[in-house]
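Undergrad: Here is a sequence together with a model predicted from it:
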Amino acid sequence: MRAHLRGRTLPSGEPIELWVHDGVISLEPIAGADTVFDSGWLLPGLVDAHCHVGIGPHGPTSLEEAVTQAEAERDVGALLLRDAGSPVDTRGFDEREDLPRIIRAGRHLAKPKRYIPGLPIDIEDDAQLPEAVALQARWGDGWVKLVGDWIDRAVGDLAPLWSDEILAEAIDAAHANGARVTAHVFGEDALPGLIRAGIDCIEHGTGLTDDTIAMMAEHGTALVPTVINIENFPGIADKAGKYPRYAQHMRDLYAGLHTTFGNAYDAGIPIYAGTDAGGSIAHGRIADEVAALTRIGMSPTDALGAASWRARDWLGRAGLDHGAPADLVGYRADPRSGPEVLSRPDLVMLRGRIR
């Protein structure tokens, strides 16, 4: 297929004209190309920087269900997914031209009974964590996912899983194997040790304080806040009647989410859009997460960049560049105008083919 596209792009708002042949973008004319898009906005394919292809409301899914999840992302224009932990091996999806590209973090690494059953690899002995991290680094696509905190039923509240010393060894092991590390963190106490150990990203981050925000800024640590998932905190608290301290903590974290994330944004923390799809969040909601990022104070352009060109650059994937894979979306209306536009692209092109 030879295709020709014209429109405006972001963040510049300037006109762009490109051609596609053999699944690749050309910024130079290609003879015989049919014009398939001629008025509107052209963007690199959207990015969900925190989702779980292969996890459903009841735990791990079948491969068939995982395909359906990936298709739901594709249909809203999310053509690059950072799968932040899944027990289902989706590497075979890479051979399919009809599914989004997935950057995998392997499986969650946690301690026994300190995360959602059936999802993580349980580490019985802290000393085993660095080797487990190294293994997931070699298995995945450049990321490893730790569970940084979770409810400790012995204390009735969120608590860190790992010592500062073992975190430093584990994160060093990932970096030595060419991978970056991210961690699930809801509360406050796990953050200093993770950041000092050199972690590359924090997922959720509702427990950030002025001090840990300053630490993240100093270390260059990224944040994927998963705002639409944090909106589930009151419901989680309501179901935690046996643990009143934990329940109140979750309510307090929820109450402060816009201030917390707004402070992180104001401090210059790199923030990216991730829905936490899988489990309680349906796949295909990246537009809702972009809208949620504007509610913490991000401009519409910056919030959209957190789910497109900025996120692609962070993840080491090309945008609308000469020679890049032709994974892109087109909109007749301005995609910054709200989720009703962003979630319904007028053109979805994946690997050079219109979907």
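TA: Received it, and whenever you're ready, just let me know what you need.

Undergrad: How many residues are close by residue 1?
TA: Here the number of neighbours of residue 1 (other C-beta atoms under 10 Å) works out to 14. C-beta here means a position set from N, CA and C on the backbone, and glycine is covered the same way.

Undergrad: So it is in contact with residue 350, correct?
TA: No. With contact defined as C-beta atoms under 8 Å, residue 1 does not reach residue 350; the gap is 11.9 Å.

Undergrad: Which stretches in the stretch 51-200 of the chain count as strands?
TA: 55-56, 59-60, 78-83, 101-104, 109-110, 121-122, 143-147, 149-152, 157-160, 180-185 (DSSP state E, counting those that start in this stretch).

Undergrad: Could you give the separation of the fourth one from the chain centroid?
TA: Which is strand 101-104. 10 Å (C-alpha atoms, centre = their mean, to the nearest Å).

Undergrad: same thing with the third one?
TA: Strand 78-83 has its C-alpha centroid displaced from the chain centroid by 7 Å (C-alpha atoms, centre = their mean).

Undergrad: Show the average pLDDT along that strand.
TA: In this model, strand 78-83 has a mean pLDDT of 98.

Undergrad: Hmm, residue 40 is touching residue 346, no?
TA: Yes. Taking C-beta under 8 Å as the definition, residue 40 is a contact partner of residue 346 at 6.7 Å.

Undergrad: just to revisit the earlier point, how about the strands of the stretch 51-200 of the chain, which one is nearest residue 33?
TA: Minimum separation from residue 33 across those (C-beta to C-beta) falls at strand 78-83, 21.0 Å.

Undergrad: Touching that closest one from outside, list them.
TA: Here strand 78-83 makes contact (C-beta atoms under 8 Å, 6 or more residues apart in numbering) with 45-54, 70, 73, 90, 100-105, 143, 274, 284, 286, 307, 311-312, 315, 317, 327-329, 348, 350.

Undergrad: What strands line up against it, and which way round?
TA: When pairs are called by DSSP bridges, strand 78-83 turns out to pair with strand 46-51 (parallel), strand 101-104 (parallel).

Undergrad: can I get those in CSV with distance to residue 204, mean neighbour count and mean pLDDT?
TA: Below are these laid out as CSV (distance: least, C-beta to C-beta, whole Å; neighbours: other C-beta atoms under 10 Å; pLDDT from 0 to 100):
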stretch, distance to residue 204, mean neighbour count, mean pLDDT
strand 46-51, 9, 31, 98
strand 101-104, 19, 21, 98
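
Undergrad: Take the ones you listed and lay them out in JSON lines including distance to residue 190.
TA: Shown next, in JSON lines, are those (distance: least, C-beta to C-beta, whole Å):
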{"stretch": "strand 46-51", "distance to residue 190": "17"}
{"stretch": "strand 101-104", "distance to residue 190": "23"}
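
Undergrad: For residue 64, find the nearest of those strands.
TA: Distance to residue 64, taken as C-beta to C-beta, is lowest for strand 101-104 among the strands paired with strand 78-83, at 16.2 Å.

Undergrad: Could I get the CA-only coordinates of the closest one as PDB?
TA: The C-alpha trace of strand 101-104 is given here as PDB (Å, rounded to 0.1, in the frame of the first residue of the first chain):
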ATOM      1  CA  ARG A 101       3.200  -3.100  19.700                       C
ATOM      2  CA  ILE A 102       3.800  -4.200  23.300                       C
ATOM      3  CA  ILE A 103       6.800  -3.300  25.500                       C
ATOM      4  CA  ARG A 104       6.700  -6.000  28.200                       C
END
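
Undergrad: quick revisit: for the strands of the stretch 51-200 of the chain, could you give me TSV that also reports distance to residue 338?
TA: As requested, the strands of the stretch 51-200 of the chain are arranged in TSV below (distance: least, C-beta to C-beta, whole Å):
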stretch	distance to residue 338
strand 55-56	28
strand 59-60	34
strand 78-83	17
strand 101-104	26
strand 109-110	37
strand 121-122	40
strand 143-147	31
strand 149-152	34
strand 157-160	34
strand 180-185	29
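
Undergrad: what stretches of the stretch 101-250 of the chain score poorly on pLDDT?
TA: Counting by pLDDT under 70, the stretch 101-250 of the chain contains no low-confidence segment.

Undergrad: how about the helices of it, start to end?
TA: 129-139, 164-176, 191-196, 210-219, 227-230, 233-238, 244-255 (DSSP state H, counting those that start in this stretch).

Undergrad: Deepest-packed of those, please.
TA: helix 227-230 (a mean of 23; mean count of other C-beta atoms under 10 Å).
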